[in-house]
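Colleague: Dropping the sequence and predicted coords here.
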Number of protein chains: 2
Amino acid sequence: MATTNVEAQDWLKSEDSKEYFELLKFQSVGADPDRLGDSARCATWLKKWLEKTGAEAELATKDFAPPVLFAEFKAEEGAPSVLFYGHYDVQPPDPLDQWLTPPFEPTLKGDRVYARGAQDDKGQLFAFLCGVREFVADNPGRINLKVILEGQEESGSTALSKLLPELKSKLAADVLLVCDSGAAAGLRPAIVAGLRGVSHFTVKLTAANRDLHSGEYGGIAPNAAQGMAELVSSLHNPDGSIAVFGFRDGIEPPSHEELRTAEATAPDESALRDDIGCEPVGGQLGRTIVQRNGFEPTIEINGIHSGYGGPGSKTVIPCEAIAKISMRLVPGQNPERAFAAVREHLENRVPRGMKMEISELTGGAAGFRLPLASPLFRLAEDVLGEMDDRGAVFYWNGASIPIVSALREISGAAPLLVGWGQSEDRIHSPNESFSVAQFARAKEWALKILGSLA
Amino acid sequence: MATTNVEAQDWLKSEDSKEYFELLKFQSVGADPDRLGDSARCATWLKKWLEKTGAEAELATKDFAPPVLFAEFKAEEGAPSVLFYGHYDVQPPDPLDQWLTPPFEPTLKGDRVYARGAQDDKGQLFAFLCGVREFVADNPGRINLKVILEGQEESGSTALSKLLPELKSKLAADVLLVCDSGAAAGLRPAIVAGLRGVSHFTVKLTAANRDLHSGEYGGIAPNAAQGMAELVSSLHNPDGSIAVFGFRDGIEPPSHEELRTAEATAPDESALRDDIGCEPVGGQLGRTIVQRNGFEPTIEINGIHSGYGGPGSKTVIPCEAIAKISMRLVPGQNPERAFAAVREHLENRVPRGMKMEISELTGGAAGFRLPLASPLFRLAEDVLGEMDDRGAVFYWNGASIPIVSALREISGAAPLLVGWGQSEDRIHSPNESFSVAQFARAKEWALKILGSLA
């Protein structure tokens, strides 16, 4: 729409947008060791920004990981303490050839900014920080506002997890604010009432000492590609349910009220179909989408690679295969026990003639659900009701912010997760984007919730 | 051994070895369209070599494929006609990082020459042609010797198959000689009594329109990596037998004599284990190695690729997956019917929410077995007995030379396949090699069998 674009062009001249674009240019892929320098430069840029805005800030890290940034806007004695968490790392940008504009050259088209991290989470966190800047300028000393930003959310929050014990006294707060989730359809405000946990690892199978001629050795040598296919397909039953003994141990099913509330704002199935371009038939047959995404665990094959993949053919028997596997966990599942069940399942099924190795186990965050009746949720509903006539909805997010469980425990704070993502943002996919309207909402939310907590 | 190396150093000064090294430098990967120019240069080099040696030679092709070379050393009226077949194309050299010396820079180490194609089939065919050169110099006009060389053996022999009808009158011969197979252990001479057929294709599964966040969409979107794992693992039963209905239709089991002859010279299981570095447990449980490799068909996954495969993790639900699949076929199996059975099997199992596409179907050669009692086999046994006190063995090769079935039919010739490969040559794998002794044997065989046929 022309009007929107004019607004977008105006916004493009603002300090907020200029700095946002600077932030998006850092190739802060936290999972990639080759991008460590980019992550460090990104964290340093954020530290300077926060210092300029009035905070005291410091960087820390462990084992040469992307740095953790802690900043504090100090307040008068007796002021409430609020902790804000965000992450400046982004997912790897590949497949690069599917990007219409380069992933680290933010580009405004229409009313959307395209870049890796445009939304997740650089966009959401920076819009929120722009709101913080306005709040502290108008309300100095009203809130003891602590900011913790990390560079490994997408790959297990290793450094921050290790730093938590020594940061404990600094992180103590009444409320934990996070802006890394989605709004409902049409940008209707949404409060996260639960998150799934996550854990991921790599499986490698080794058969022969080299790729072998499929004629000379066919019927003799075991095939690692076939072995891996059999191994990973054993993780699910034909109805899509998980076939791992012990994996579901301890699961706390949702209450009647939680299920009713969740189903009341369930995503529209045909909209989902349009969004993803195929039938939304992931997960177990016979369960609703809300159940499958919000209240059930998953085991996903994030990647499987073995043997030849180029043009034409290469008639080999592959000697190696890898699979990247992640699990989403729900409340009551113990991440370590769930992984142990999967490991045992895999170890019992190592294909004949092959060796299996499991590595790169990271994450291990539990899922959680928050009590719908909490006073903090009433306050948030009021603020969001002011921002939008439709009022807020509650939802149980299928995604994970692994560190939130840990931060909640160490800070003693009550979590309040409100974010402004939309499915068209395509986070984790090529051509990720964030709209000017979403940016404005996230900024307004920061201003209003801080005002209300002060 | 020092003596061997001295011999190798002497050989390195010969015209044979210098020209062999030139031939190995062409990157004639017939399956790779980017290497078409290299294939054409390689074929032109061979054409010039054959003309210099006294043949009339010509190149032909179809649809911009690597050229087919036909050459003829013409003989006196009434001389016997012998057709020699070989292929100058090689397998792709990847994985490149596992080569100790560059694949297209032939390198002599000890008494072995390392290069892609050092054996298969540039090494074997050129050693044979060096024998031809000596034979025709000493015996001009004694044999009407026809040479047909192609550049697509590893990828389906497309151009040669299409050219066969127009080459029919030129190819007519009494005997079809091929030097593209293995000798028995310790370089004991071996006559191929049967070959498996081959056919290969690519399967692609498409689920969503992009890779999706495994939290946001986990339990909603179908996973193409998991779908492909389920699809390809359905091709086999847990005992390793093939699970495709109709695939085995028509199989002609080997005779008692064939089985007895094959088992008498069966490869040693512990030597095989040392060779491949793992238990030789491919194929169906409860059948012998000779049965599984020589007389049973296979379906092999040559590659499977989907989603993330880099360092660390990327928690996506992959939207696409490919698998490269090849089949080895035995006498009585019709390649088209066997593929149709596999296609139907796959089509009946397309995972929920996904689309399947089958492409790059090539090959489709039937397997064959030759009568053990033929006079040509007696002649070959005599020649090979002169070359080696141990005498020749017969074997049924698990590999395929798809075009041999077609050439046999169109030329009317009786096939005689004797080659000098050894498992340590690592054909189709990194660090392929061919020894000076093997080269010498292949050359001697050419000289002696031509002398015996003249």
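Modeller: Arrived safely.
Colleague: which residue ranges form the helices in the stretch 51-200 of chain A?
Modeller: A:122-138, A:158-171 (DSSP state H, counting those that start in this stretch).
Colleague: So residue A:17 sits against residue A:10, correct?
Modeller: No: counting by C-beta atoms under 8 Å, residue A:17 stays clear of residue A:10, with 9.5 Å between them. Every C-beta, even on glycine, is put in place using the N, C-alpha and C of the backbone.
Colleague: on that earlier part again, and of the helices of the stretch 51-200 of chain A, who's closest to residue A:207?
Modeller: Among the helices of the stretch 51-200 of chain A, helix A:158-171 comes nearest to residue A:207, with 32.0 Å by C-beta to C-beta.
Colleague: Average pLDDT for the closest one, rounded please.
Modeller: When pLDDT is averaged over helix A:158-171, the result is 94.
Colleague: From the chain's centroid, how far away is stretch A:69-88?
Modeller: Remark: stretch A:69-88 is offset 22 Å from the chain centroid, using C-alpha atoms, centre = their mean, to the nearest Å.
Colleague: Looking at the stretch 301-450 of chain A, what residue ends up closest to chain B?
Modeller: Of all residues in the stretch 301-450 of chain A, the one sitting closest to chain B is residue A:399 (2.8 Å; C-beta to the nearest C-beta).
Colleague: ok, the residue nearest to residue A:241 when sequence neighbours are not counted to residue A:445 distance?
Modeller: Leaving aside its sequence neighbours, residue A:241 sits nearest to residue A:284 (C-beta to C-beta, 6 or more residues apart in numbering or on different chains; 4.3 Å). Going from residue A:284 to residue A:445 by C-beta to C-beta, to the nearest Å gives 35 Å.
Colleague: quick check, the helix or strand harbouring residue A:447 touching chain B?
Modeller: Applying DSSP states H and E as the criterion places residue A:447 in helix A:436-453. No: Helix A:436-453 lies out of reach of chain B by C-beta under 8 Å from any C-beta of the partner chain, never closer than 15.6 Å.
Colleague: Any idea which of the helices of the stretch 51-200 of chain A gets closest to chain B?
Modeller: helix A:158-171 (10.4 Å).
Colleague: Buried residues of that closest one, list them for me.
Modeller: A:158, A:159, A:160, A:161, A:163, A:164, A:167, A:171 (16 or more other C-beta atoms under 10 Å in any protein chain shown).
Colleague: coming back round to it: settle it for me: which of residue A:284 and residue A:445 has more neighbours?
Modeller: residue A:445 (25 against 16; other C-beta atoms under 10 Å in any protein chain shown).
Colleague: Counting neighbours, what do you get for the closest residue to that one other than its chain neighbours?
Modeller: Leaving aside its sequence neighbours, residue A:445 sits nearest to residue A:418 (C-beta to C-beta, 6+ apart; 6.1 Å). Neighbour count for residue A:418, taken as other C-beta under 10 Å: 26.
Colleague: Kindly report the domain assignment for chain A.
Modeller: Listed domain ranges for chain A are A:2-195+A:367-453, A:197-256+A:281-363 (source: automatic domain parsing).
Colleague: winner for burial among those domains?
Modeller: Of the domains of chain A, the one with the most neighbours on average (mean count of other C-beta atoms under 10 Å in any protein chain shown) is domain A:197-256+A:281-363, at a mean of 21.
Colleague: tell me how far that domain is from the chain's mean position?
Modeller: Using C-alpha atoms, centre = their mean, the offset of domain A:197-256+A:281-363 from its chain centre is 21 Å.
Colleague: Low-confidence ranges, the stretch 251-400 of chain A, go.
Modeller: A:363 (pLDDT under 70).
Colleague: so where do the strands sit in it?
Modeller: A:298-307, A:316-317, A:320-329, A:355-365, A:368-369, A:393-397 (DSSP state E, counting those that start in this stretch).
Colleague: Are the fifth one and chain B in contact anywhere?
Modeller: No: using C-beta under 8 Å from any C-beta, strand A:368-369 never reaches chain B; the gap is at least 13.9 Å.
Colleague: What is that strand packed up against?
Modeller: Applying 3 or more C-beta pairs under 8 Å, 6 or more residues apart in numbering or on different chains; DSSP states H and E, one finds that strand A:368-369 contacts strand A:190-195, helix A:402-411.
Colleague: nearest residue to residue A:446 other than its sequence neighbours?
Modeller: Closest to residue A:446 by C-beta to C-beta, 6+ apart is residue A:131, at 2.6 Å.
Colleague: Repeat that for residue A:234.
Modeller: residue A:349 (5.4 Å).
Colleague: ok, and what's touching stretch A:240-257?
Modeller: Contacting residues not belonging to stretch A:240-257 are listed as A:234-237, A:262, A:281-285, A:294-295, A:297-299, A:330-334, A:337-338, A:340-342, A:344-345, A:369, A:372, A:396, B:352 [C-beta atoms under 8 Å, 6 or more residues apart in numbering or on different chains].
Colleague: What parts of the stretch 301-450 of chain A come near chain B?
Modeller: Residues of the stretch 301-450 of chain A lying near chain B (C-beta under 8 Å from any C-beta): A:301-318, A:321-324, A:326, A:328, A:352-355, A:360, A:362, A:397-400, A:423, A:426-430.
Colleague: what about residue A:138, distance to residue A:382?
Modeller: On the measure of C-beta to C-beta, residue A:138 and residue A:382 end up 20 Å apart.
Colleague: repeat for residue A:278
Modeller: From residue A:278 to residue A:382 the distance is 40 Å (C-beta to C-beta).
Colleague: What of residue A:409?
Modeller: Taken as C-beta to C-beta, the span from residue A:409 to residue A:382 is 27 Å.
Colleague: isn't the residue nearest to residue A:445 right next to residue A:193, touching?
Modeller: No: using C-beta under 8 Å, residue A:418 is not in contact with residue A:193, being 11.2 Å away.
Colleague: show me the contacts for the residue of the stretch 301-450 of chain A closest to chain B.
Modeller: A:181, A:195, A:196, A:328, B:213, B:215, B:216.
Colleague: How about the fourth one: which residues does it bridge to?
Modeller: Spelled out, that is residue A:328. residue A:198, residue A:298 (DSSP bridges).
Colleague: List the contacts of it.
Modeller: Neighbours of residue A:328 in contact, by C-beta under 8 Å, 6+ apart: A:196-198, A:297-298, A:300, A:367, A:398-400, B:214-215, B:218-219.
Colleague: Adding distance to residue A:33, write those residues out as JSON lines.
Modeller: Below are these laid out as JSON lines (distance: C-beta to C-beta, whole Å):
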{"residue": "A:196", "distance to residue A:33": "27"}
{"residue": "A:197", "distance to residue A:33": "25"}
{"residue": "A:198", "distance to residue A:33": "21"}
{"residue": "A:297", "distance to residue A:33": "30"}
{"residue": "A:298", "distance to residue A:33": "28"}
{"residue": "A:300", "distance to residue A:33": "24"}
{"residue": "A:367", "distance to residue A:33": "29"}
{"residue": "A:398", "distance to residue A:33": "29"}
{"residue": "A:399", "distance to residue A:33": "25"}
{"residue": "A:400", "distance to residue A:33": "23"}
{"residue": "B:214", "distance to residue A:33": "22"}
{"residue": "B:215", "distance to residue A:33": "24"}
{"residue": "B:218", "distance to residue A:33": "27"}
{"residue": "B:219", "distance to residue A:33": "32"}
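Colleague: Out of those residues, flag the one nearest to residue B:23.
Modeller: Here the nearest of the contacts of residue A:328 to residue B:23, counting by C-beta to C-beta, is residue A:300; it sits at 49.0 Å.
Colleague: Without its sequence neighbours, what residue ends up closest to the closest one?
Modeller: residue B:214 (4.6 Å).
Colleague: could you measure the one you found against residue B:128, distance?
Modeller: 56 Å.
Colleague: can you check residue A:135 too?
Modeller: The value you get for residue A:135 to residue B:128, if C-beta to C-beta is used, is 84 Å.
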